[in-house]
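1. Sequence first, predicted coordinates after that:
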Amino acid sequence: MKELKMKSTKDISALKEQDLRDEITSSEKKLFEMKMKKELNELKQTHLIKPLRRYIAALKTIWSAKGFNID
C-alpha cells in the first residue's frame with residue numbers, strides 16, 4: 001500500500017461541508033481496509049494505522065467545530 005495522503009489541518013479547515021464529509025468517508029474506508037488486511041496478515045505497514053486514526057479524529061473535530069451535524 002502506498003503512503004497515506006493526509007492533508008494538513010490548515011487545508012482541512014478550508015474545506016467545505018461536502019468535501020469534508022467525503023474526506024471523512026474515504027479515510028474511514030481506508031482505515032477499515034487496513035484493519036482487515038492486518039487481520040489477514042496482508043498488511044506490511046501496520047505503523048500507518050495509528051496516524052490514520054488520529055487523522056480521522058482531527059477531521060471529525062474540525063467537522064464539529066464548524067457546527068456541522070455528524071450523521
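-> Received the coordinates, thanks. Quantities reported herein were computed from a predicted structural model and do not represent experimental measurements.
2. tell me what the helix or strand bottoming out on mean pLDDT in the chain is packed against?
-> Least confident helix or strand of the chain, by mean pLDDT, DSSP states H and E, is helix 9-13 with a mean of 88. Under the contact criterion of 3 or more C-beta pairs under 8 Å, 6 or more residues apart in numbering; DSSP states H and E, helix 9-13 touches helix 49-65. Bear in mind the C-beta positions are built from the backbone N, C-alpha and C, glycine included.
3. Run the chain-centre distance for the helix it packs on.
-> Counting by C-alpha atoms, centre = their mean, to the nearest Å, helix 49-65 is centred 6 Å from the centre of its parent chain.
4. Specify which residues of the protein, grouped into ranges, have pLDDT under the cut-off.
-> Applying pLDDT under 70 to the chain picks out residues 1-3, 70-71.
5. Give me the distance from the top helix by length along it to the chain's centre.
-> In the chain, taking DSSP state H as the definition, the longest helix is helix 17-39. Counting by C-alpha atoms, centre = their mean, helix 17-39 is centred 5 Å from the centre of its parent chain.
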